[in-house]
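Predicted structure and sequence below. I'll ask about it afterward.
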Amino acid sequence: METEWPRYPGLDGKVALVTGGSRGIGAATSRALAANDVKVAVTGRDGAAVDRVVKEITDAGGTALAAPGDVTDQDTLARIRASVESELGPVDILAPFAGGQGAPAPTAGLDPARWRAVLESDLTSVFLTVHEFLPGMIERRGGSIVLMSSTAGRRPGGANAAYAAAKAGVVMFAQHLAAEVGGDGVRVNCLAPSAVLNDKLAALPAERLLHLSSAFPLGRIGDPDDVAQAVLYLASPASSWVTGATLDLTGGRVSG
């Protein structure tokens, strides 16, 4: 069933870039923004998957641009920015969501090469994306940046240590950046979801998925659309006095 997205005044006509937009939370966010008449550039390494998301949006009457590429590469990001600005206009909403290498691994056995790779994909890519688009926002004195952390960056859990450190770094990066550029009219916030349905979780046996769902007071794991709904709020003028915040999306599963 197609999601009926809420409508937020002030989003129509804006331009957004969503990295990691080819599937999961990024794809849902792209669709949610497009449903609010935002012109969306969708970025991801899998060009075919990016094209599928763009086609879904355009078939539904929205405006979207495929901008595939590796966001750990600064030259690629510069090319993406030039393409987006040429085709859609300057970016008002930035959602650098690429990453997601949280699979468990004991720290004693964590290969240093994997440590570096996870930090590159889940933290450095966020910095590089912001670094490419932030100067334009400052110059135009406006913009909303929504970063993606995780429960793993908020408290110890089952993810590997590199992923936890990277996602904790995203939280602090959001807070630091919000304080730094608030006076320039740019807001920066962060989301920290817990378990959200993805291809790997969807492949679990039904009884395991039910057991996982029972750990949450709301009785279910998250859906990508749940996260996309939060992005809409943080991207819109409805949150005009919210910056430097991290919103925990955990289905009620909280700890001090």
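In hand now; what should we look at? Because the structure is predicted, anything quoted here is derived from the model rather than measured.

in stretch 230-247, what counts as buried?
Neighbour-count burial for stretch 230-247, with 16 or more other Cβ atoms under 10 Å as criterion, is recorded at 230-232, 234-236, 239, 243-244, 246-247. From N, CA and C alone the C-beta is placed, and that goes for glycine too.

And for stretch 135-153?
137-138, 143-153.

do the same with stretch 208-227
Buried residues in stretch 208-227, counted by 16+ other Cβ under 10 Å: 209, 216, 220-222, 224-227.

T19 is in contact with A27, isn't it?
No - using Cβ atoms under 8 Å, T19 makes no contact with A27, being 11.6 Å away.

higher neighbour count, those two?
Set side by side, T19 and A27 show more neighbours around T19, with 27 against 24, by other Cβ atoms under 10 Å.

which residues touch stretch 246-255?
With Cβ atoms under 8 Å, 6 or more residues apart in numbering as the test, stretch 246-255 has contacts from 149, 151, 154-155, 171, 174-175, 189-194, 196, 215-222, 226-227, 230, 234.

what do you get if the cut-off is 7 Å, keeping everything else the same?
Contact with stretch 246-255 is made by 149, 151, 154-155, 171, 174, 190-194, 215-218, 220, 222, 226-227, 230, as judged by Cβ atoms under 7 Å, 6 or more residues apart in numbering.

Quick one: mean pLDDT over it.
In this model, stretch 246-255 has an average pLDDT of 91.

Let's see it as PDB, backbone CA atoms only.
Extracted C-alpha coordinates of stretch 246-255, given in PDB (Å, rounded to 0.1, in the frame of the first residue of the first chain):
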ATOM      1  CA  THR A 246      19.300  14.100  17.900                       C
ATOM      2  CA  LEU A 247      15.900  12.400  17.700                       C
ATOM      3  CA  ASP A 248      15.900   8.800  19.000                       C
ATOM      4  CA  LEU A 249      13.600   6.600  16.900                       C
ATOM      5  CA  THR A 250      13.400   3.500  19.000                       C
ATOM      6  CA  GLY A 251       9.800   2.400  19.300                       C
ATOM      7  CA  GLY A 252       9.900   3.200  23.000                       C
ATOM      8  CA  ARG A 253      13.000   1.200  23.700                       C
ATOM      9  CA  VAL A 254      15.100   3.800  25.600                       C
ATOM     10  CA  SER A 255      17.700   3.800  28.300                       C
END
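
in it, what counts as buried?
246-251.

Can you tell me which of those comes closest to R23?
Proximity to R23 was ranked across the buried residues of stretch 246-255 by Cβ to Cβ; first place goes to L249, at 18.0 Å.

Can you pick out the most distant pair from the buried residues of stretch 208-227?
The span of the buried residues of stretch 208-227, defined through Cβ to Cβ, is set by L209 and V227 at 18.2 Å.

all helices of the chain, in order?
24-35, 47-59, 74-87, 112-119, 125-140, 161-181, 199-202, 206-214, 224-235 (DSSP state H).

Turn the ones you listed into a markdown table, including mean pLDDT and distance to R7.
Compiled in a markdown table, the helices of the chain are given as follows (pLDDT from 0 to 100; distance: least, Cβ to Cβ, whole Å):
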| stretch | mean pLDDT | distance to R7 |
| --- | --- | --- |
| helix 24-35 | 98 | 8 |
| helix 47-59 | 98 | 16 |
| helix 74-87 | 98 | 24 |
| helix 112-119 | 97 | 37 |
| helix 125-140 | 98 | 24 |
| helix 161-181 | 98 | 26 |
| helix 199-202 | 83 | 29 |
| helix 206-214 | 90 | 30 |
| helix 224-235 | 98 | 9 |
